[in-house]
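S.K.: Sharing a model that was predicted from the sequence below.
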Amino acid sequence: MKGLVDIYRQQFKTTLASFLQYRAAIAIWMIGHILEPLIFLVVWSAVAASRGSEVGGFGAPDFAAYFIGMMLVNHATYTWIMYEFEYRIRHGSLSFALLRPLHPIHTDIVDNVSSKLITLPMMLLAAGFLAAVFKPAFHPVLWAVAAFVPAIFLAFLVRFLIEWTLALAAFWTTRVSAINQAYHVAALFLSGQVAPLALLPGPVRAVATVLPFRWTISFPLELLLGRLTPGQALAGFGAQLAWLALSLVLLRVVWRAGVRIYSAVGA
Amino acid sequence: MPNDPAVRARDLRKVYVVAEREPGARAALRSLFHREKKKVPAVDGISFDLAPGEIVGFLGPNGAGKTTTLKMLSGLLHPTAGELSVLGHAPWKREKAFLRRITLVMGQRNQLVWDIPAADSFELNRAIYRIPSADFRALVDELTELLDLGPLLRKPVRNLSLGERMKCEIAAALLHRPQMVFLDEPTIGLDVTMQRRIRTFIAEYNRRTGATVLLTSHDMADVETLCKRVLIIHHGRLLFDGELAGLVRRFTEHKTIVVQLSDCAADLRPYGEVVSCAEGTATLRVPKANIAQVTERLLADLPVVDLTVADPPLEEVIERVFAQGAV
Amino acid sequence: MNSLRLFWVFLRVSVLSELAYRANFFLQLFESLVDLGVALAGLAVVFSYTDTLGGWRPDEVLALVGVFFLVGGAIHLVIEPSMQRFIEAVSEGTLDFTLTKPADAQFLVSIQRVEIWKLTDLVLGTGLLVFALVRMGTHLGALQAAGFAVTLVAGGIIVYSFWLMLATLSFWFVRVENILVIFQSMYEAGRWPVSLYPRWLRFSLTFLVPVAFATTVPAQALSGRLTGRTLLGAGTLAALMLVVSRLVWRAGVRRYSGASA
C-alpha cells in the first residue's frame, strides 16, 4: 500500500513537471472545455428568451447554473485515454508498461487526477467569470451538496473505468477514431451536455438512464443543483454502485483478453 | 570563373542563445518567470575553400559544429559573422538560382513521401525543380542504373528497408543535377554492403558530373574511401584542413604492430605498449621512431608466425586530434 | 502558373497516398455522417421548443450548419493537414528540405498535404446548404450569390492566414503542436449564429479567432442579412491578413535561420 502511495506521489510530480513544460498546451485544451458548455448555455438561454422566459422548467438563470455546473462536473470526470491508447500500442510504449510490476491503469489514474488538480484553479476562475456574466440561479441544499461529494467521486471512477475499457478496443482494431467518435457523440447527448436530460424526448431519456451516461455526468449535476429528491438521490447512488461493479468486471475481462491478443501478435 | 572556389568561407561564426534550467520543482516554477540564457558559439571563426569537384570530409564529434556549418552553407542558417559564398551566392539569401544548384541529403531523415512509390516523389521534385521531361527520364534512368534502383521505385517508401530508402532518397536529391551536394551522415544505420554501394555511387556521381561534395560522417570508412581531403572541427574551430594522408602522418607518433605467435605466454611489454593479446595474436603500439628496431627484436627473440606493421586506425587518429584540440 | 502546376502535383501525390488506404473513405464517411447527425439532432432538440433562435429561422440555421460543414471540410482538406505537417517538420528537422527547394517555401508548406477523403465534409455541407436553400424557398439573386461567393472566399483566406500565423509560432516556440486546437475548439461555436453570443464572445469569435467570418458571415449573405459594411469588412480583413501572415512567415523563417533583426 505504501508502495502505491509512493508511486502515486512520484507520478504526480512527473505530471506537474511536464505540465509546466506544456503550459500553453493546457491553456488551449481548456478553451474547448469552457467553450462547449458556454455555447449551449447561450443557445438555450436564447430559446428560453424566445418563449417568454423559460423552457421546460428552465429559465435563463437555470440554464446558466446547469451549464456552468456541467463544465465543472465534466472537467472532474473526463478522460482522454481512449485517444492515446492506440498510439501506445503502435509505438510499443505499452510493452514497457506491461513489463512493470504495476497495472498501467494506476499511472493513468494519477496522471488524470493530477492534471485536473493542476487545472482546477483555472476552471474555477472560468466558472467564476461565467457566473458573474450569466448570473446563474444556484440555491444549494445542504444534504444535496454533501451527497454531491461521493456522487462525483463515484461518477469519476465509473467514467474512468468505462472509458479506459473502451480504449482497449485498440487491441483489436486500429480504427479507434470511429469508435471514439461514436462514443463521444452518444455521451454528448445522453449525459446532458447538449441539453438537460429533462428537456430531451422521453425515449432518449430512458436510454440515458439505462446506460451509464446519466450516472457519470448528469446525476451528480442534478444532485448539486437540488433537482432531485432524497429518494431519487438514493436510487442514483444505487445505479452508480451497480455500474461501478459492472465496469470493474468489464475492465478485468477485456484487459485480460486484450493482453492475450497483444502478446500473441507480438509485443 | 571556372577557377573560383565552389565554397569560400572566411572567419565564419555562428552563436546560439540557449535557455538553461536546473532540475527540480523549484527551478521549474522559477523558470515560469525568468529564463536563464547563455551564448554558445557553435562555430567559432572557421575559414576554408572548397574547389569545384572536390569531395571533402567534414569530421568532428557530436556538437562540434559540423551540422551548423553545413546548414550555413546550404542557406538554412544565417551566419552570425564572417564571409561565406557558395557557388558565387550568399547562401542565406536563399535565391532560387542558388537553391536549384544545391542539394541536401540527411541520413535517417526523409524527404520522400511515405505512403507512395518513390517514383511519384520524383515527380514532385521534377515539378519543383522544373526539370524538362526529356532530361528527367534520362536522369532517372541513369540514377536507377547507378544505384540499382530497379523495382524499388514502384514500391511505397514505407515498405522499403532503410538501405533501399536511402538509395531512393539520394536519387531524389540528385534529380536536378546539383553542383553542390551536402551529405549529412548518409550511411548512418546502413549495413556494410549498402554503405559500400552508396560510397561507390557518390564517387561515380562526382566523377561524372564534377559536383562538389561535402560529406559529414562518423564512419571512418566513408571518409577513407571518398575523401582525399578532410576538415576536422571541434568546439567550433577547425583543427585540421588537409589531405587525409597528411593527417595520419602529422598526428600519430605511433604505429601498430600485429604479431602472430604460437601463444601469448611471452611477456611483450619490453617491446612496446600491449594493446591486446588473445589466442596468440598480439597488438602492440610502438613509437614510429622505434619501428625498425622493435620489429627486428621481435623477429629475433620470439617464434613469430606473422607480423604486420600498420598505421593506427583512423578513429584513433581523429580522437587524438580532438584531444589535442581540446587542449 | 507554375504554382498551379505545383499544387496539382501535390494534390496528385496526396491522392495517391490516400488511395493506398481505401478503408479510410468509409471511415471518413461514417465520421462525417455521425458529425452531421449530431448537428442535426441538436438543431432538432432546440427547435422543438422554439421557432426562432435570435431571429434566425430553422432553415436559416440549417444553412449555417451547411456552411459550417463546407468550410470545415475545406479546412480539414488542405489547411489543417498541411499546417500540422509543417509544425512536425519544424521539430523533426525535415523543414530543412523544404527550405532548400527553389520554390516559395510558404506555398510549398501550405499545400503539402491534402486529406482527400475530407471531401465528404465538403460534399455533405454543400448538400445540406442546397437543401436548406430549397426549403427557405429563396431564389438566390445574382447579387446574393455574389455576396455569398465573396464572403466565402474572404472567409477562407482569413482562416488560412490565421492558421498560418498560428503554425508559424513553431519558429519561436517548441511544442506548438497543440496550438492548432485553438481554432478547432473555437470553430465549434460557428455552428450557431454568432449574433447569439454575448458581446465579448462575439468579439473573440470575430477578431481573435476568425470563426464568424468563416461561417456566420457567408450564411448571412444567403439569408439576406449581409450588410454592405460587413461585406467590405470581410474583404478588407482578408486582404490585410494575407499580407500580415506573409510578413509573419518571413519573420519566422528569418528567425529559424538565425538572421539578426
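M.R.: Ah, there it is.

S.K.: Residue of chain A closest to chain C, please.
M.R.: A:Gly32 (3.5 Å; CB to the nearest CB). Every residue, glycine included, has its C-beta placed from N, CA and C.

S.K.: Need phi/psi at that residue.
M.R.: phi -60, psi -40 (degrees, to the nearest 10).

S.K.: Just say helix, strand or coil for the closest residue to chain A within the stretch 151-300 of chain B.
M.R.: As assessed by CB to the nearest CB, chain A sits closest to B:Arg158 within the stretch 151-300 of chain B, at 13.5 Å. Using DSSP: H, G, I helix; E, B strand; the rest coil as the criterion, the local structure at B:Arg158 reads helix.

S.K.: Quick one: the strands in the chain, in order.
M.R.: With no chain named, the answer covers chain A. Under the criterion DSSP state E, strands of chain A are mapped to A:54-55, A:58-59.

S.K.: look at chain B instead
M.R.: Using DSSP E, the strands assigned to chain B run over residues B:7-20, B:36-50, B:55-59, B:81-86, B:102-106, B:180-184, B:212-216, B:229-234, B:237-243, B:254-261, B:273-278, B:281-287, B:304-310.

S.K.: Run the angle between the first one and strand B:212-216 for me.
M.R.: So the one you mean is strand B:7-20. 30 degrees (axes from the mean of the first three to the mean of the last three CA atoms, to 10 degrees).

S.K.: any idea of the angle strand B:7-20 forms with strand B:36-50?
M.R.: Counting by the same axes, to 10 degrees, strand B:7-20 lies at 170 degrees to strand B:36-50.

S.K.: thinking again about what came up before, reformat the strands of chain B as CSV; add mean neighbour count.
M.R.: As requested, these are arranged in CSV below (neighbours: other CB atoms under 10 Å in any protein chain shown):
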stretch, mean neighbour count
strand B:7-20, 15
strand B:36-50, 16
strand B:55-59, 24
strand B:81-86, 17
strand B:102-106, 24
strand B:180-184, 24
strand B:212-216, 24
strand B:229-234, 22
strand B:237-243, 18
strand B:254-261, 19
strand B:273-278, 12
strand B:281-287, 18
strand B:304-310, 12
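
S.K.: Please convert the ones you listed to TSV, extending it with distance to chain C and mean pLDDT.
M.R.: Rendered in TSV, the data for those read as follows (distance: least, CB to the nearest CB, whole Å; pLDDT from 0 to 100):
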stretch	distance to chain C	mean pLDDT
strand B:7-20	7	86
strand B:36-50	10	88
strand B:55-59	17	93
strand B:81-86	10	93
strand B:102-106	5	91
strand B:180-184	9	94
strand B:212-216	14	94
strand B:229-234	18	90
strand B:237-243	19	89
strand B:254-261	39	84
strand B:273-278	39	82
strand B:281-287	40	85
strand B:304-310	39	87
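
S.K.: For the ones you listed, give me TSV that also has distance to A:Leu124.
M.R.: Supplementary listing: those in TSV, determined by distance: least, CB to CB, whole Å:
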stretch	distance to A:Leu124
strand B:7-20	31
strand B:36-50	32
strand B:55-59	57
strand B:81-86	52
strand B:102-106	48
strand B:180-184	51
strand B:212-216	54
strand B:229-234	55
strand B:237-243	56
strand B:254-261	72
strand B:273-278	69
strand B:281-287	71
strand B:304-310	74
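
S.K.: Name the nearest residue to the residue of the stretch 151-300 of chain B closest to chain A, ignoring sequence neighbours.
M.R.: Taking CB to CB, 6 or more residues apart in numbering or on different chains as the measure, B:Arg158 lies nearest to B:Trp114, with 5.1 Å between them; neighbours along the chain are not counted.

S.K.: burial of the one you found, as a residue count?
M.R.: For B:Trp114, the number of neighbouring residues by other CB atoms under 10 Å in any protein chain shown comes to 13.

S.K.: Which residue ranges of the stretch 1-150 of chain A form helices?
M.R.: Secondary structure of the stretch 1-150 of chain A (DSSP state H, counting those that start in this stretch): helices at A:2-21, A:23-50, A:60-77, A:81-90, A:93-99, A:104-134, A:142-167.

S.K.: one step back: which one of the strands of chain A has the poorest average confidence?
M.R.: Mean pLDDT per stretch puts strand A:54-55 lowest among those, at a mean of 87.

S.K.: list the helices and strands it packs on?
M.R.: Secondary structure elements in contact with strand A:54-55, counted by 3 or more CB pairs under 8 Å, 6 or more residues apart in numbering or on different chains; DSSP states H and E, are helix A:23-50.

S.K.: Direction-wise, compare the helix it packs on with helix A:2-21 and give the angle.
M.R.: Using the same axes, to 10 degrees: helix A:23-50 against helix A:2-21 is 80 degrees.

S.K.: Buried residues in helix A:23-50, which are they?
M.R.: A:25-26, A:28-31, A:33-49 (16 or more other CB atoms under 10 Å in any protein chain shown).

S.K.: and what of stretch A:162-176?
M.R.: The neighbour-count check on stretch A:162-176 (16+ other CB under 10 Å) flags A:Ile162, A:Glu163, A:Trp164, A:Thr165, A:Leu166, A:Ala167, A:Leu168, A:Ala169, A:Ala170, A:Phe171, A:Arg175, A:Val176 as buried.

S.K.: State the pair within the residues you listed that is farthest apart.
M.R.: With CB to CB as the measure, no two of the buried residues of stretch A:162-176 lie farther apart than A:Ile162 and A:Arg175, at 19.7 Å.

S.K.: give the contact list for the closest residue to A:Leu166 other than its chain neighbours.
M.R.: With sequence-adjacent residues excluded and distances taken as CB to CB, 6+ apart, A:Leu166 is closest to A:Met82, at 5.4 Å. For A:Met82, the contact set (CB atoms under 8 Å, 6 or more residues apart in numbering or on different chains) comprises A:Glu163, A:Trp164, A:Leu166, A:Ala167, A:Ala169, A:Val176, A:Ile179, A:Asn180, A:Tyr183.

S.K.: What pLDDT is listed against A:Met82?
M.R.: The per-residue pLDDT reported for A:Met82 equals 90.

S.K.: Could you do A:Gly258 as well?
M.R.: Per-residue confidence for A:Gly258 comes out at a pLDDT of 90.

S.K.: again, but for C:Ser82
M.R.: We have a pLDDT of 94 for C:Ser82.

S.K.: Near chain A, which residues of the stretch 1-150 of chain C are found?
M.R.: When proximity is defined as CB under 8 Å from any CB of the partner chain, the stretch 1-150 of chain C approaches chain A at C:23, C:27, C:30-31, C:34-35, C:37-38, C:41-42, C:45-46, C:48-54.

S.K.: Any of these buried? List them.
M.R.: C:27, C:30-31, C:34-35, C:38, C:41-42, C:45-46, C:49-50, C:53-54.

S.K.: TSV for those residues, including distance to chain B, pLDDT and secondary structure?
M.R.: Written out in TSV, the entries for these read as follows (distance: CB to the nearest CB, whole Å; pLDDT from 0 to 100; DSSP: H, G, I helix; E, B strand; the rest coil):
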residue	distance to chain B	pLDDT	secondary structure
C:Leu27	16	87	helix
C:Phe30	21	92	helix
C:Glu31	20	91	helix
C:Val34	26	92	helix
C:Asp35	25	91	helix
C:Val38	31	92	helix
C:Ala41	36	93	helix
C:Gly42	36	93	helix
C:Val45	41	93	helix
C:Val46	42	93	helix
C:Tyr49	47	91	coil
C:Thr50	47	90	coil
C:Leu53	43	90	strand
C:Gly54	41	86	coil
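
S.K.: Among the residues you listed, which one sits closest to B:Phe136?
M.R.: Ranking those by separation from B:Phe136, with CB to CB as the measure, puts C:Leu27 on top at 36.4 Å.

S.K.: In this structure A:Val194 contacts A:Leu41, no?
M.R.: No. Look at A:Val194 against A:Leu41 with CB atoms under 8 Å: they stay out of range, at 11.5 Å.

S.K.: got the residues of chain B near chain C?
M.R.: That would be B:14, B:16, B:71, B:74-78, B:80, B:92, B:94, B:96-100, B:102-104, B:106, B:109-111, B:113-116, B:120-121, B:123-124, B:127-130, B:156, which are the residues of chain B within reach of chain C (CB under 8 Å from any CB).
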